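1. quick check, what structure comes out for this input:
(2 chains)
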Amino acid sequence: MNHIAGSLEQYSTLIWHWPIAVYLFLAGLSAGAAMTSLMVKWIEGNNKAPWDGLIKAGALLAPLTICLGLFLLIFDLTRPLHFWKLLIHYNFSSVMTLGVLGLFIYTPLSFIYAAIKFKPWLFETGPFAGLLKPFKGIIDSIGDNPAWLERTLFLFAVIIGIYTGFLLSAMYSYPLFNTPLLPILFLASGLSSGVAASILFGLLFFKSEVNQKNAKYLLELDLRVVPMELLLLFALFVGMYFQGGDKTLVAIQALTTGVWAYVFWIGVIGIGIATPLLIAVTALRHHAYRVGYILLNSVVVLVGVVFLRLYILYAGQTFVG
Amino acid sequence: MAKKYAMVHDNNLCIGCQACNVACRSENQLPESVYRLQVWIKPEEYPNGTLGYEYHRQSCVHCENTPCVNVCPTHASFKNEDGVVLVDVDLCVGCLYCVAACPYQARYVDPVTKAPNKCTFCYESRLSRGEEPACVTVCPTEALVFGDLNDPQSKINTVLSERVTYQQKERLGTKPKMFIVPNHKGGIKS
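-> Down below sits the predicted model:
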């Protein structure tokens, strides 16, 4: 390329950086944690206080991680002080607008759901009890088992989990993003990160309130979702390979070239998928309940999902055919 | 009647002099580090061993089906009634979705406003005065032709009827209003 035309710096295809990957991770985790909490709560006998530690962990993680993610997202804008314009101007063909509208519903619901699970602490024993007293009536009136709220929250958790994938797949400037499997992959990995984070958080902070039976249920769930991720990744790359042209080229480059190939094989596959499967068939075989390994399992799943988001975001913008 | 502005870049007439690039910078008072328009010069070797040059106009191609407008969450990125793709900086939050979604890498982030910007066909300045875009006026070889596709008598429609043209990345369905007259020698890499 002849530089008589001037600097080529602005023509980099790397536009979105790590805060976006972390947001995608946190949004997926939030959605996954909400689904996890609801799935445990919906098990027979779990529908009344005192809530299981895992229900509480997921209920707490969902609003916290989505808020953290959104905070990160706003400060990653090049014009962060204008972010409120996102809230009042809508473009229904933009996945970002659809995401904003989904979050309008999901975020408050996740807070209400968490408030129900932490009622005694919020309104009686915690440091904000006095301040929050006026809201006790509202939370009480919703009751402990608001079916409409829980089902809507679950539905919107699925929507949030899947929207993070469509956010990227809507761009046909990047072949690795522009695949129909990406939203499903993000939903599946978001669920597995939500399950892992709930187990980790539950066993670290609410250990005495965690019922072994529920923890085993979640471990089994994760053991089903993780191989699904592997299958989705396999189908995604093989599918791209068979599409020909740029897509074939990008599929090969993304799996074989430079630092992002290492991130994929070591971070995503090695740490995030192979290690939990190995733990499941060795240390946790026959549903053994060994807390140390369960925690380790959760950590590697989470690290793997972080790597997956980073890998997709960066490799997708690096290899463009 | 609304206009449908479009441009032709003739690879055979272009000499890669960058007069368009410089005129654009001057007309639009661009900050030093960014460009709305560059002409990329690529040496080519033909099958018989002779050498030549390809000239690629790197700028917004003003799609009819605009990926940048579709993804913009606030309508800051929009296509006006005359088919020109513009940015309303006031509405922009700086998510850079448009920059990423553009398959033509036409957008840059303005170092002053921090909002994406791009070629406007000099819409607010020269077109509103009835003049042609700066790049077209200044081109010494008349490699650039500008006009209204809705006017059968326009110069651009004459050129489009007399010369072979193609649009970049046509397979994406973006329908660019930047028509390229390919080099008479060698192959076409759209």
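
2. report the contact partners of residue 46.
-> Reading this off chain A. Applying CB atoms under 8 Å, 6 or more residues apart in numbering or on different chains to A:N46 gives the contacts A:V40, A:D52, A:I55, A:N214. To be clear about C-beta, it is placed using only N, CA and C from the backbone, and glycine gets the same treatment.

3. please go with chain B instead
-> By CB under 8 Å, 6+ apart, the neighbours of B:Y46 are B:G52, B:K185, B:G186.

4. all helices of the stretch 101-250 of chain A, in order?
-> Taking DSSP state H, counting those that start in this stretch to define them, one finds helices in the stretch 101-250 of chain A at A:119-120, A:129-142, A:147-169, A:182-205, A:212-243, A:245-256.

5. with mean pLDDT added, can I get the ones you listed in TSV?
-> Converted to TSV, the helices of the stretch 101-250 of chain A look like this (pLDDT from 0 to 100):
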stretch	mean pLDDT
helix A:119-120	91
helix A:129-142	90
helix A:147-169	97
helix A:182-205	97
helix A:212-243	95
helix A:245-256	96
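
6. I'd like the ones you listed as TSV, with distance to chain B and mean neighbour count appended.
-> Formatted as TSV, the helices of the stretch 101-250 of chain A follow (distance: least, CB to the nearest CB, whole Å; neighbours: other CB atoms under 10 Å in any protein chain shown):
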stretch	distance to chain B	mean neighbour count
helix A:119-120	36	14
helix A:129-142	31	12
helix A:147-169	8	20
helix A:182-205	15	26
helix A:212-243	12	17
helix A:245-256	9	17
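
7. would you turn those helices into JSON lines with distance to A:T78?
-> Formatted as JSON lines, the helices of the stretch 101-250 of chain A follow (distance: least, CB to CB, whole Å):
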{"stretch": "helix A:119-120", "distance to A:T78": "42"}
{"stretch": "helix A:129-142", "distance to A:T78": "36"}
{"stretch": "helix A:147-169", "distance to A:T78": "17"}
{"stretch": "helix A:182-205", "distance to A:T78": "25"}
{"stretch": "helix A:212-243", "distance to A:T78": "31"}
{"stretch": "helix A:245-256", "distance to A:T78": "27"}
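
8. chain B: helices as residue ranges?
-> Counting by DSSP state H, residue ranges of the helices within chain B are B:19-27, B:67-71, B:97-101, B:134-138, B:155-162.

9. if you average pLDDT over the second one, what comes out?
-> Going back to what we said before, that points to helix B:67-71. For helix B:67-71, mean pLDDT is 97.

10. list the buried ones in that helix?
-> By neighbour count with 16 or more other CB atoms under 10 Å in any protein chain shown, helix B:67-71 contains the buried residues B:P67, B:C68, B:V69, B:N70, B:V71.

11. ok, the second one to A:S94 distance?
-> In this case it means B:C68. Taking CB to CB, to the nearest Å as the measure, B:C68 falls 10 Å from A:S94.

12. got it, and the fourth one?
-> Computed as CB to CB, the B:N70 to A:S94 distance reads 7 Å.

13. which of the helices of chain B is buried the deepest?
-> Ranked by average neighbour count under the criterion mean count of other CB atoms under 10 Å in any protein chain shown, the helices of chain B are headed by helix B:97-101 at a mean of 25.

14. packing partners for it?
-> Using 3 or more CB pairs under 8 Å, 6 or more residues apart in numbering or on different chains; DSSP states H and E as the contact criterion, the secondary-structure elements in contact with helix B:97-101 are helix B:67-71.
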